[in-house]
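In: This is a predicted model, with the sequence first.
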Amino acid sequence: MIDAYSILWADLVALKRRGPRYLITTLVSPILYLVAFGWGLGRGINLNGTSYLEFVIPGIIALTAMTTSFNGAGTRLNVDRLYFKSFDECLMAPIGLTSLLMGKALIGVVRGLMSSVAFLIVALLISPHIHIGPQFLLGLLLTCLTFAFLGVLAALLARSHEDMAVFGSLILMPMTFLGGTFFSLSQVPVGLKYALYILPLTHSSLFLRAAALDQPLPWGSFLILLAFLMAFLVGGMMTLKKISI
Amino acid sequence: MSKMIEISGLNKNYSGKKVIDGLDLEIDHGELFGFLGPNGAGKTTAIRILTTLTKPSSGRVLINGIDVAREPASVKSEFGIVQQHLSLNRDLTISENLQLHARLHHLSKKERNQRIADLLDYVELSDHADYLIDDVSGGMKRRAMIARALIHRPKLLFLDEPTVGLDAQTRRKVWDLIRRMNVEGTTVFLTTHYIEEAEALCQRVGVLHHGRIIAIGSPLSLREKLGMIAVEMNLNGNGTEYKYFPDRVQAAQFIEGLPGTERVVMRESNLEDVFIELTGQKVLGGVT
Ligand SMILES: Nc1ncnc2c1ncn2[C@@H]1O[C@H](COP(=O)(O)OP(=O)(O)OP(=O)(O)O)[C@@H](O)[C@H]1O
Ligand SMILES: [Mg+2]
């Protein structure tokens, strides 16, 4: 575990150096989504008694957590591995592969939490009714963990920088718009609805939204997300074993 | 006592192409050994296998008696390595890079700071400790990598083309550094395609060609085998021919017997001659 922290330490030092610049860039897209969908498109729409704005904010948080955790862990690792080649040095260090995997994922979690919390603060200024309790934070943490490990897995599988971009547009992009972020699953045809349940982000959105709106929590979604996390973790471990000897 | 490195029957294929071809090699504790070979000879591949980064197709490697394939985790604290390409974390400063490495090698905090200060001094980078990697020169990056490789006091140091792209002065400095580390007890395994580097530094040189060692021995013994004196005959635009002789007397006799139409130079032979005779190929100097 101390080794995982050592790996994280280096990434934290780098993050600290970027500091405020990182926070500002990371806030741009969620705020744009908020303006475009929350105010622009959804003004006046009412979903079962909640305003569309209140509906869409948890979705944007899930989405922000997903993108920043994935990129925070994945893009960093991809660059370290294929461009800086400094990942080789980690592979040659006398540390366990589990620690290495954890360490590389943790920076994604940190970045994911930072960005979502920053956006959350902005959102609370706009819509103070959102309910932020321990369950919400738990769901947020799980979302960050899940997508950070997905990022690590993608970076370990990628053979080039383009692979990473392909992964982004094939997996993350569809989830961004279809993962229950901007619309309610109850509004879509049944077939599509089940298809959307395959996406991990759908379950993040469902869980975070229920928590934020103080509705009954869909623990099933929580468990599914947990299962995704385990799958990405195991997948990452197997890939790492294959890469190193 | 076991050897520092024992390689037997090592092979590596990349999509059917033999890159390492039945390599056998032993290196003693305290040796300063060099792999000399042209681009693509397999030097880096060999080092990557020795340092757990690449899986061999077959064969066995022991480092300080530890099987690299079976116990990669324990082998990793035995060696330090300076890779051919830059492998510093460019988001970090020089001293942060060393910090990370020291942490991963489980040095205590006190030990860490002391060791980093000492090493930065050793490679003359103390003034640049807090510079980001992108803000220092190529020679400084190389020396930072050497310092990093030494943090955990490895008994064995791999240097993959340690002086590539360095100016003459910096190269000499790095050579001195390598000699000093070796004198202080570190076994050094370096690769180079600079003949003069192998000649200047190595007690023993293995000439690697197409993944095979085609000659091995001290630079002197390799030259002796070929002949200590070289005669170059310039055939007036039709290329140059070389002949080798054990001494100047025999070389002079040969020259007297020539028709005299060519320009002739008599000189001491060098490792490059050995290399060309063995491979029919000139070692390319310069940047890879
Ligand atoms: N990952 C890889 N996949 C396929 N082929 C590879 C790979 N790595 C190396 N090779 C091939 O193996 C051969 C030996 O490469 P290697 O890097 O070991 O040579 P080298 O002696 O270090 O050369 P240089 O002096 O240019 O550094 C080359 O032909 C190279 O194309
Ligand atoms: Mg090489």
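Out: That came through fine. Ligands and ions are numbered 1, 2, ... in the order given.

In: Tally up the residues packed near residue 108, please.
Out: By default, I'm working from chain A. Using other Cβ atoms under 10 Å in any protein chain shown, A:G108 has 31 other residues around it. C-beta coordinates here come from the backbone N, C-alpha and C atoms, glycine included.

In: The intended chain is chain B.
Out: 10.

In: Return the residues in contact with it.
Out: Counting by Cβ atoms under 8 Å, 6 or more residues apart in numbering or on different chains, B:S108 touches no other residue.

In: Mind pulling up the pLDDT for the residue in chain B sticking out farthest from the centre?
Out: Of all residues in chain B, B:P259 has its C-alpha farthest from the mean position, at 42.8 Å, by Cα atoms, centre = their mean. On pLDDT, B:P259 comes in at 78.

In: And for the one 10 residues further on?
Out: Model confidence at B:S269, given as pLDDT, is 88.

In: correct me, but it touches B:Y244?
Out: Yes - applying Cβ atoms under 8 Å, one finds B:S269 in contact with B:Y244, separated by 5.9 Å.

In: Give the intersection of the neighbour lists for the two.
Out: Shared contacts of B:S269 and B:Y244, counting by Cβ under 8 Å, 6+ apart, come down to B:226-227, B:229-230.

In: closest to ligand 2 among the residues you listed?
Out: Of all these, ligand 2 sits closest to B:L226, with 25.5 Å by Cβ to the ion.

In: which residues touch the closest one?
Out: Per Cβ under 8 Å, 6+ apart, neighbours of B:L226: B:244, B:269, B:273-274, B:277.

In: Please repeat the previous calculation with a cut-off of 10 Å.
Out: B:L226 is in contact with B:215, B:242, B:244-246, B:269-271, B:273-278, counting by Cβ atoms under 10 Å, 6 or more residues apart in numbering or on different chains.

In: Adding pLDDT and distance to ligand 1 as columns, could you present the shared contacts of B:S269 and B:Y244 in JSON lines?
Out: Shown next, in JSON lines, are the shared contacts of B:S269 and B:Y244 (pLDDT from 0 to 100; distance: Cβ to the nearest ligand atom, whole Å):
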{"residue": "B:L226", "pLDDT": "86", "distance to ligand 1": "22"}
{"residue": "B:G227", "pLDDT": "88", "distance to ligand 1": "27"}
{"residue": "B:I229", "pLDDT": "90", "distance to ligand 1": "30"}
{"residue": "B:A230", "pLDDT": "89", "distance to ligand 1": "25"}
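
In: Which one of those sits in the busiest neighbourhood?
Out: Most surrounded of those: other Cβ under 10 Å gives B:L226, at 23 neighbours.

In: roughly how far apart are that residue and B:L220?
Out: Counting by Cβ to Cβ, to the nearest Å, the gap from B:L226 to B:L220 is 11 Å.

In: First-to-last residue distance for stretch A:120-136?
Out: 11 Å (Cα to Cα, to the nearest Å).

In: residues of that stretch that come out buried?
Out: By 16 or more other Cβ atoms under 10 Å in any protein chain shown, the buried positions in stretch A:120-136 come out as A:120, A:123, A:127, A:130, A:132, A:135-136.

In: among the residues you listed, which two are most distant?
Out: Comparing every pair within the buried residues of stretch A:120-136 by Cβ to Cβ identifies A:S127 and A:Q135 as the most remote, at 18.5 Å.

In: Show the subsequent helix or strand relative to the host helix or strand of B:T44.
Out: In this structure, B:T44 is located in helix B:43-50 according to DSSP states H and E. Going down the chain from helix B:43-50, the next helix or strand is strand B:58-63, by DSSP H and E.

In: what about that following strand, near chain A?
Out: No - applying Cβ under 10 Å from any Cβ of the partner chain, one finds strand B:58-63 separated from chain A by no less than 10.6 Å.

In: need the contact list for A:I132.
Out: By Cβ under 10 Å, 6+ apart, the residues touching A:I132 are A:58, A:61, A:117, A:120, A:123-124, A:140, A:211-212.

In: all strands of chain B, in order?
Out: Applying DSSP state E to chain B gives strands spanning B:5-14, B:17-27, B:32-36, B:58-63, B:66-67, B:79-82, B:156-160, B:187-192, B:204-209, B:212-217, B:229-234, B:240-245, B:263-268.

In: could the ones you listed be laid out in CSV, adding distance to ligand 2?
Out: Compiled in CSV, these are given as follows (distance: least, Cβ to the ion, whole Å):
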stretch, distance to ligand 2
strand B:5-14, 13
strand B:17-27, 11
strand B:32-36, 9
strand B:58-63, 18
strand B:66-67, 24
strand B:79-82, 12
strand B:156-160, 6
strand B:187-192, 6
strand B:204-209, 10
strand B:212-217, 16
strand B:229-234, 28
strand B:240-245, 28
strand B:263-268, 29
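
In: how about B:M4, phi and psi?
Out: With angles defined as degrees, to the nearest 10, B:M4 sits at phi -70, psi -40.

In: Could you measure from it over to B:N64?
Out: Distance, B:M4 to B:N64, using Cβ to Cβ: 6 Å.

In: more crowded one of those two?
Out: B:M4 (24 against 17).

In: I figured the more buried one hits B:L32, correct?
Out: No - using Cβ atoms under 10 Å, B:M4 makes no contact with B:L32, being 11.3 Å away.

In: what sits in contact with each of these two?
Out: What both B:M4 and B:L32 touch, as defined by Cβ under 10 Å, 6+ apart, is the set B:186-189.

In: closest to chain A among those?
Out: Using Cβ to the nearest Cβ, B:F189 comes nearest to chain A of those, at 14.5 Å.

In: which residues sit in contact with that closest one?
Out: B:F189 neighbours (Cβ under 10 Å, 6+ apart): B:4-5, B:25, B:27, B:31-35, B:46-47, B:50-51, B:79, B:81, B:156-160, B:202, B:206.

In: Would you check how far apart B:D134 and chain A are?
Out: Per Cβ to the nearest Cβ, to the nearest Å, B:D134 is found 11 Å from chain A.

In: and the closest residue to A:L201 other than its chain neighbours, what are its phi and psi?
Out: Among residues not flanking A:L201 along the chain, A:G179 sits closest, at 3.0 Å (Cβ to Cβ, 6 or more residues apart in numbering or on different chains). Main-chain torsions, A:G179, degrees, to the nearest 10: phi -80, psi 40.

In: pretty sure A:G179 contacts A:H203?
Out: Yes - counting by Cβ under 10 Å, A:G179 sits close enough to A:H203 to count as a contact (8.5 Å).

In: Identify the contacts common to these two.
Out: Here A:G179 and A:H203 share the contacting residues A:62, A:196, scored by Cβ under 10 Å, 6+ apart.

In: picking that back up, looking at the shared contacts of B:S269 and B:Y244, which is nearest B:A252?
Out: For those, the nearest to B:A252 is B:I229 (9.1 Å; Cβ to Cβ).

In: re the thing from before, top of the shared contacts of B:M4 and B:L32 by number of neighbours, please.
Out: Busiest of the shared contacts of B:M4 and B:L32 [other Cβ under 10 Å] is B:F189, holding 26 neighbours.

In: I'd like to know the beta-bridge partner residues of that one.
Out: Per DSSP bridges, the residues bridged to B:F189 are B:F33, B:F158.

In: neighbours around residue 42, how many?
Out: Picking chain A for this. 19.

In: sorry, should have said chain B
Out: Count around B:G42 with other Cβ under 10 Å applied: 23.

In: Just list the residues touching it, thanks.
Out: Taking Cβ under 10 Å, 6+ apart, one finds B:10, B:12, B:18-21, B:23, B:35, B:49, B:191, B:208-212 in contact with B:G42.
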